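Asker: Here is my input, please return the structure:
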Amino acid sequence: MIGTPTAGMIHADYTTSLTKMLLFFLQTPILGNEKEHREVMFTMMVGASIGQNRDIIVEGALENDCTHVLFIDDDVGFDQDCLNIAAMRRMPIVIGNYRRKVFPGLFTARNHDNTESIITSESSTSLEKCSFGGFGFALIERQVFEAVPMPRFLHTYDAASKTYSTEDLPFYTAASKAGFQTWVDHDLSKKLRHNGNFQYTWDTEFES
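Answerer: Here you go, the predicted model:
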């Protein structure tokens, strides 16, 4: 199940990327020798509550016996082989690391003990353990959602800073407690684009 929660505004790069990726995925073996039949479902949930939209997508995937959910945000662009790259890892949770759309463009993924951001650089490759990251491009196996009950994406509140979390932190925290490690895929990350006032990529340079 490919699922996109949205408030209603879809970026052009997302739509063209999705079309190309679906065609590539349905025609290209992941490990080079598969012959099994593949099916892909797609759902887009429009609404103001992103956490609820995600849970509706997940429940639909479970009801339809989907093996995975691939979350893609409506402002993310990606190369045609991104789903194949994530799927070939055979890990319960594989996510892309991309820059936030605000200065100084910090990466969304945090290291394994949540002390600093994970940086995708020229030398970064393969997988790296992380505590959590964004849902911009995140492939998650069915078993994770079965182990983490609703509400999976409920924002938390930090009294000290008087701030609310995004919906990704509580999910990845609960998944970790259920025994599932989250992995950043650096090869995948270099093929993602976060579209805002301009295209943010892994190698975007910022000036203070």
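
Asker: low pLDDT regions in this protein?
Answerer: 33-35, 207-208 (pLDDT under 70).

Asker: shouldn't residue 166 be in contact with residue 153?
Answerer: No. Shown here, residue 166 and residue 153 do not form a contact pair, counting by Cβ atoms under 8 Å, at 9.1 Å. Where C-beta positions appear, they are placed from N, C-alpha and C, glycine not excepted.

Asker: Among the two, which residue is more densely surrounded?
Answerer: Taking other Cβ atoms under 10 Å, residue 166 and residue 153 do not tie; residue 153 has more neighbours (23 against 16).

Asker: Would you map the strands across this structure?
Answerer: 2-6, 42-46, 68-72, 76-78, 93-95, 127-130, 137-141, 157-158, 163-164, 182-185, 192-195, 199-200 (DSSP state E).

Asker: The ones you listed into JSON lines, with extra columns for mean neighbour count?
Answerer: Below are the strands of the chain laid out as JSON lines (neighbours: other Cβ atoms under 10 Å):
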{"stretch": "strand 2-6", "mean neighbour count": "22"}
{"stretch": "strand 42-46", "mean neighbour count": "15"}
{"stretch": "strand 68-72", "mean neighbour count": "24"}
{"stretch": "strand 76-78", "mean neighbour count": "24"}
{"stretch": "strand 93-95", "mean neighbour count": "25"}
{"stretch": "strand 127-130", "mean neighbour count": "17"}
{"stretch": "strand 137-141", "mean neighbour count": "24"}
{"stretch": "strand 157-158", "mean neighbour count": "9"}
{"stretch": "strand 163-164", "mean neighbour count": "10"}
{"stretch": "strand 182-185", "mean neighbour count": "25"}
{"stretch": "strand 192-195", "mean neighbour count": "22"}
{"stretch": "strand 199-200", "mean neighbour count": "17"}
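
Asker: Could you pull up the contacting residues of the residue nearest to residue 10 when sequence neighbours are not counted?
Answerer: Take residue 10 and drop its neighbours on the chain: the residue closest to it by Cβ to Cβ, 6 or more residues apart in numbering is residue 74, 4.8 Å away. By Cβ atoms under 8 Å, 6 or more residues apart in numbering, residue 74 lies in contact with 4-6, 9-11, 14.

Asker: Check the gap between residue 74 and residue 7 for me.
Answerer: 8 Å (Cβ to Cβ, to the nearest Å).

Asker: How many neighbouring residues does the spatially closest residue to residue 145 that is not a sequence neighbour have?
Answerer: Distances taken as Cβ to Cβ, 6+ apart place residue 58 nearest to residue 145, at 5.0 Å, with adjacent residues excluded. Neighbourhood size, residue 58 [other Cβ under 10 Å]: 25.

Asker: how many neighbours does residue 92 have?
Answerer: Neighbours of residue 92 using other Cβ under 10 Å come to 20.
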